[in-house]
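Enquirer: give me a 3D structure for the following:
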Amino acid sequence: MNGYGTAELARSFRTVRKNTVQIAQDIPEAQYDFVAAPGTRSVGQLLKHIALSPAMFDDMHRVKRVTTLAGYDFAGLIARSQEEERKPRSKAEIVAMLKTDGERFAAWLETLTPEFLAETYTDPTGQNPKTRCESLHSPKEHEMHHRAQLMLVERILGITPHLTRQMEERMQAAAPPVGSAAT
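Expert: Now for the predicted structure:
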């Protein structure tokens, strides 16, 4: 019995995307051009990259329903994605893109069947089979990786990340009142 299905996959992706959207909203638009280190994406570029990344999995599994990655046009897909990332967008447009594209992807995940998730495909050499379910965890994992970068950027910019603020609020609420005697 598999206790992790399409509902859980979609819910976990939505949770990750909700937290990414919150970070995008917390960082002032004036800081969207901030680059933490030479050779890295700016805040705005990174958020656009995150918004666009699930499209590869949509293409592989929904559009083309690959059975092997042999001959899959990664270079073309990456080039198209990078072209989209270079398009200038305001903070509001980026946040809207994160919300809209994220919800579209999550809604598609909810429509998948256990049989679809169990289907396998192989790497470009025709080896190392992987299930679609395993692969469809990747957009969430990829986003969490980049979201961690954004949380560090928030710290550099003097912003306490919302997840840290929430944890601190929970700890404060659970702490005994100042001046009370411990029993």
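
Enquirer: was I right to think Glu29 contacts Arg89?
Expert: No - using Cβ atoms under 8 Å, Glu29 is not in contact with Arg89; the gap is 10.7 Å. (Each C-beta comes from the backbone N, C-alpha and C, glycine too.)

Enquirer: these two - which one has more neighbours?
Expert: Arg89 (18 against 14; other Cβ atoms under 10 Å).

Enquirer: sec struct for the more buried one, please.
Expert: coil (DSSP: H, G, I helix; E, B strand; the rest coil).

Enquirer: same deal with Tyr121?
Expert: With three-state DSSP as the criterion, Tyr121 reads strand.

Enquirer: how many neighbouring residues does it have?
Expert: Around Tyr121 there are 21 residues (other Cβ under 10 Å).

Enquirer: likewise for Arg17?
Expert: Neighbour tally, Arg17, other Cβ under 10 Å: 24.

Enquirer: same check, this time on Leu98
Expert: 23.

Enquirer: then Thr100?
Expert: Residues near Thr100, counting by other Cβ under 10 Å: 11.

Enquirer: distance-wise, check it relative to Glu169.
Expert: Relative to Glu169, Thr100 is positioned 30 Å away (Cβ to Cβ, to the nearest Å).

Enquirer: how about Ser138?
Expert: Counting by Cβ to Cβ - Ser138 and Glu169 are separated by 32 Å.

Enquirer: okay, the two: which has more neighbours?
Expert: Neighbour count, other Cβ under 10 Å: between Ser138 and Glu169, Ser138 has more, with 15 against 10.

Enquirer: wait, that one touches Asp58, no?
Expert: No - look at Ser138 against Asp58 with Cβ under 8 Å: they stay out of range, at 11.9 Å.

Enquirer: ok, residues contacting the helix or strand hosting Phe105?
Expert: Following DSSP states H and E, the helix or strand that holds Phe105 is helix 91-111. Outside helix 91-111, the residues within contact range by Cβ atoms under 8 Å, 6 or more residues apart in numbering are 6-7, 9-10, 13-14, 17, 20-21, 24-25, 29, 32, 44, 47-48, 50-52, 54-55, 57-58, 62, 89, 136, 139.
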